[in-house]
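Asks: here is the input, now give the coordinates:
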Amino acid sequence: MGSTFHFCSSRFSIIAIFAVILTFCTCAPKKPHAAAGSRVFTDDIGRRVEVPEKIDKLVSLAPNLTEIIFAVQGGERLVGVTTFCNYPEQALAIRKVSDTQKPNIESIVALHPQVVFVSTASQLEAFMKTLDEQGIAVFVTSPNSIEDVFKSITSIGSIIGNSEEADAVVRDLERRVSAIGRRGTRAPKVFVQIDKEALYTVGSGSYITDLIARAGGVSATAGLSTAYPKISKESALAMNPDVIIVSESDGNREPNEAFRNSPAVRNGRVYYINADLLSRPGPRVVDALEQIAEKLGGPIEGT
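Replies: As a prediction, the model looks like this:
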């Protein structure tokens, strides 16, 4: 699926696991890892990542990571991003080194970044070895809840030396999350439609399942073990959701026909959330949470 999620067109970003075939081989001299003054961080897949004390060049290979870097005031250090990094507007002017499916390893190496940030919904192992040989650190994020998104923001801020800015962003987002009012006694059953025809949705491993719960609903697919499963129309029909959340993007602008007799469709409880907000686990995911909470019927206090 091509966003983080991106993560890539918005409708596919959160579910695609792309196989990247390494075709580039460089004869450039290897850049040594920083030893004196280096710092070590642990990324979301448990890797110890060594980075230099001073970082002035970054590459982001997922739209949500680009948004986080800008949010923590590190955007001026971005030298490479993906073709889908369209927010904030300044990201459009940065050199494009990937479409998230096929990173241009030669272009990345030529930019001499100290750190490349990637998402597990994008590219991973196929190019890590090459970048490591060039002394370029690769830091992987893989958030499964809104707290994990906040952790990503904090980690990225720490890595680039903007911890105070990151802490301020997280405090504000936490304030907004805590301001979401309590709902009624019955939580509506919610189906999240990521793709209309293929019927991709969200399972227990997705942070979107966490968003639904925090907004006062219960995901109809929370029991599915994978993060972004594809289900059959028969399974969708049997779910009979009270509410349908459509991650709105090209090709995903109305519910699948399997839901035509569901309570959600009969009662006009089909809601649309911009896919860039919903499918990118960065600061704007709280915008999506607030919109979902409002649509599910709970007030948002203090706004």
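
Asks: show me the contacts for residue 97.
Replies: Neighbouring residues of residue 97 by CB atoms under 8 Å, 6 or more residues apart in numbering: 59, 61, 80, 81, 82, 103, 104, 107, 108, 111. (Glycine included, C-beta is placed from N, CA and C.)

Asks: need phi/psi at residue 80.
Replies: Here is the backbone geometry of residue 80 (degrees, to the nearest 10): phi -150, psi 140.

Asks: just list the residues touching it, thanks.
Replies: 59, 60, 94, 95, 96, 97, 98, 107, 108, 111, 113.

Asks: including secondary structure, could the contacts of residue 97 go into JSON lines?
Replies: Converted to JSON lines, the contacts of residue 97 look like this (DSSP: H, G, I helix; E, B strand; the rest coil):
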{"residue": "59", "secondary structure": "strand"}
{"residue": "61", "secondary structure": "coil"}
{"residue": "80", "secondary structure": "strand"}
{"residue": "81", "secondary structure": "strand"}
{"residue": "82", "secondary structure": "strand"}
{"residue": "103", "secondary structure": "coil"}
{"residue": "104", "secondary structure": "coil"}
{"residue": "107", "secondary structure": "helix"}
{"residue": "108", "secondary structure": "helix"}
{"residue": "111", "secondary structure": "coil"}
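
Asks: quick one: end-to-end length of stretch 277-297, please.
Replies: 20 Å (CA to CA, to the nearest Å).

Asks: outside of stretch 143-154, which residues touch it?
Replies: Under the criterion CB under 8 Å, 6+ apart, residues 44, 65, 68, 71-72, 141-142, 163, 166-167, 169-170, 173-174, 177, 205-207, 210-211, 214, 227, 281-283, 285-286, 289 lie in contact with stretch 143-154.

Asks: circling back: and the contacts of residue 80, which of them are buried?
Replies: Those of those that meet the buried threshold are 59, 60, 94, 97, 98, 108, 113, by 16 or more other CB atoms under 10 Å.

Asks: give me the lowest-pLDDT entry from these.
Replies: Minimum pLDDT across the buried ones among the contacts of residue 80 is recorded for residue 98, with 87.

Asks: what sits closest to that residue if chain neighbours are left out?
Replies: residue 82 (4.7 Å; CB to CB, 6 or more residues apart in numbering).

Asks: contacting residues around the one you found?
Replies: Contacts of residue 82 (CB under 8 Å, 6+ apart): 8, 60, 61, 62, 63, 66, 96, 97, 98, 99, 100.

Asks: looking at those residues, which are in helices?
Replies: Of these, the ones assigned to helices by DSSP state H are 63, 66.
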